[in-house]
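Participant: here are the coordinates; sequence isn't available:
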C-alpha cells in the first residue's frame with residue numbers, strides 16, 4: 001500500500017502511471033477531512049448512545065448509512081487514490097467532486113442526523129432550542145427550498161469548473177479543502193430535507209412531490225457532466241499541462257473521461273435517492289394508517305359502550321318510576337360521532353371496488 005502525506009500531493013509530480021491497482025492501493029492523510037469525519041462521527045455516536053441510555057433504540061440501518069456511505073464517501077474522496085492523483089489527472093478530481101456533492105450527502109441524509117440530534121438533546125436545553133431555531137429560521141428555509149437548493153448545486157459545480165476557482169484550488173491546499181467542504185454542504189442542502197423526518201420543507205412538498213423533485217434534480221445533476229464532457233475549453237488546462245506526465249490520456253481525453261464519469265455517477269445516484277424517498281413515503285403512510293386505526297378502535301369502543309351503559313341504568317331504576325315513563329318518549333341518548341373508513345363512505349367506483357374486494 002502506498003501512503004503519502006497531504007504536503008507531498010499539494011503539487012503532485014513524478015507519480016507513477018495510474019492503474020486500477022494503484023488507484024485502490026494509494027492513500028494519503030488529509031488532516032482537515034479527518035477532523036471533520038471525527039467530529040461528525042463522534043456527534044452521531046454520542047446521540048445514539050444517549051438514546052440507548054434512555055432505553056430508546058436508534059435504527060441500525062440509519063447509523064450504518066451515515067457512517068458507511070456518508071462518512072465513508074468522504075474518506076474515499078479525500079484520502080484514497082482519487083486524492084493522490086487529482087493533481088496529475090482531471091478525471092480523479094471530477095470523481096472526487098461528484099462523490100462529495102452527491103454520494104456523501106445521500107449517505108449522511110439517510111442517517112437522519114437532524115432527527116437524532118433533536119431526539120437526543122433534552123428539549124429544555126439551550127442546544128436543542130438553538131437547533132430548532134436554526135432549522136426553522138428564514139435563512140435555512142430559503143436555502144433548503146427545493147428549487148433554490150437545486151440551483152445552488154448546479155451553480156456550485158459550474159462555478160468550480162468554469163471560473164478560476166478550480167485551478168486556484170489546485171495550487172493552494174487550504175482553498176482545495178474549502179472546496180471539498182462547499183461541495184458537501186451544498187449537496188446536503190437538497191438531500192437532507194428530502195429524507196429527514198423533521199419538517200424542513202413547505203407543507204405542499206408531500207412525498208409524491210418530493211419524488212418528482214428528485215427526478216427533476218437527477219436531470220439537473222447531469223448538466224455539469226455533459227458540459228464538462230463536451231466543452232472545447234480545457235478545465236485547469238494550464239495546471240495539468242505543466243505536470244508533463246509521460247503516461248495516460250491527453251488533456252482533452254482526460255476531461256472527456258472526467259465528464260463521462262460525472263454524468264454516469266450522477267445518474268446512478270438518482271435511483272437509490274428515489275428509492276429512499278419512496279421508502280420514506282411508505283413509512284409515513286403506514287404511520288398514518290396505524291394512527292387512524294387506533295382512533296377508529298377508540299371511537300368504536302366508545303360507541304359500543306354507550307348503549308350498554310344506557311340499558312344497565314334503565315334496569316336498575318325502580319319499576320314504579322319506569323312504568324309511567326313508558327308512556328312518554330324516552331330521551332334520545334346522543335351517540336358519539338364515529339369516523340368511518342373512507343371505503344365505507346366513498347360513493348365512487350374506487351370505493352365500490354374496494355368494498356367488494358373486502
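Facilitator: Received the coordinates, thanks. None of the values given here were measured: they were computed from a predicted structure.
Participant: could you point out the longest helix in the chain?
Facilitator: As assigned by DSSP state H, the longest helix anywhere in the chain is helix 251-316.
Participant: Mean confidence (pLDDT) on that one, please.
Facilitator: When pLDDT is averaged over helix 251-316, the result is 80.
Participant: Enumerate every residue touching residue 280.
Facilitator: Contact partners of residue 280, counting by CB atoms under 8 Å, 6 or more residues apart in numbering, are 195, 197, 207. C-beta here means a position set from N, CA and C on the backbone, and glycine is covered the same way.
Participant: oh sorry, the question was meant for residue 234
Facilitator: Each residue near residue 234 by CB under 8 Å, 6+ apart is listed here: 240-241, 251-252, 255.
Participant: before we move on, what about residue 50?
Facilitator: Going by CB under 8 Å, 6+ apart, residue 50 touches residue 120.
Participant: For the helix or strand hosting it, what is the distance to the chain centroid?
Facilitator: Secondary structure from DSSP states H and E places residue 50 in helix 31-53. Its chain's average C-alpha position is 18 Å from that of helix 31-53, according to CA atoms, centre = their mean, to the nearest Å.
Participant: can you tell me which of the contacts of residue 280 are in helices?
Facilitator: Going by DSSP H, the helices hold 195, 207 from the contacts of residue 280.
Participant: so which of the contacts of residue 280 would you say is closest to residue 91?
Facilitator: Using CB to CB, residue 195 comes nearest to residue 91 of these, at 29.4 Å.
Participant: Now do stretch 79-86, average pLDDT.
Facilitator: Averaged over stretch 79-86, pLDDT sits at 94.
Participant: same check, this time on stretch 98-108
Facilitator: The model assigns stretch 98-108 a mean pLDDT of 94.
Participant: Could you pull out the buried residues of that stretch?
Facilitator: By 16 or more other CB atoms under 10 Å, the buried positions in stretch 98-108 come out as 98-108.
Participant: Now render these as JSON lines, adding secondary structure.
Facilitator: Below are those laid out as JSON lines (DSSP: H, G, I helix; E, B strand; the rest coil):
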{"residue": "98", "secondary structure": "helix"}
{"residue": "99", "secondary structure": "helix"}
{"residue": "100", "secondary structure": "helix"}
{"residue": "101", "secondary structure": "helix"}
{"residue": "102", "secondary structure": "helix"}
{"residue": "103", "secondary structure": "helix"}
{"residue": "104", "secondary structure": "helix"}
{"residue": "105", "secondary structure": "helix"}
{"residue": "106", "secondary structure": "helix"}
{"residue": "107", "secondary structure": "helix"}
{"residue": "108", "secondary structure": "helix"}
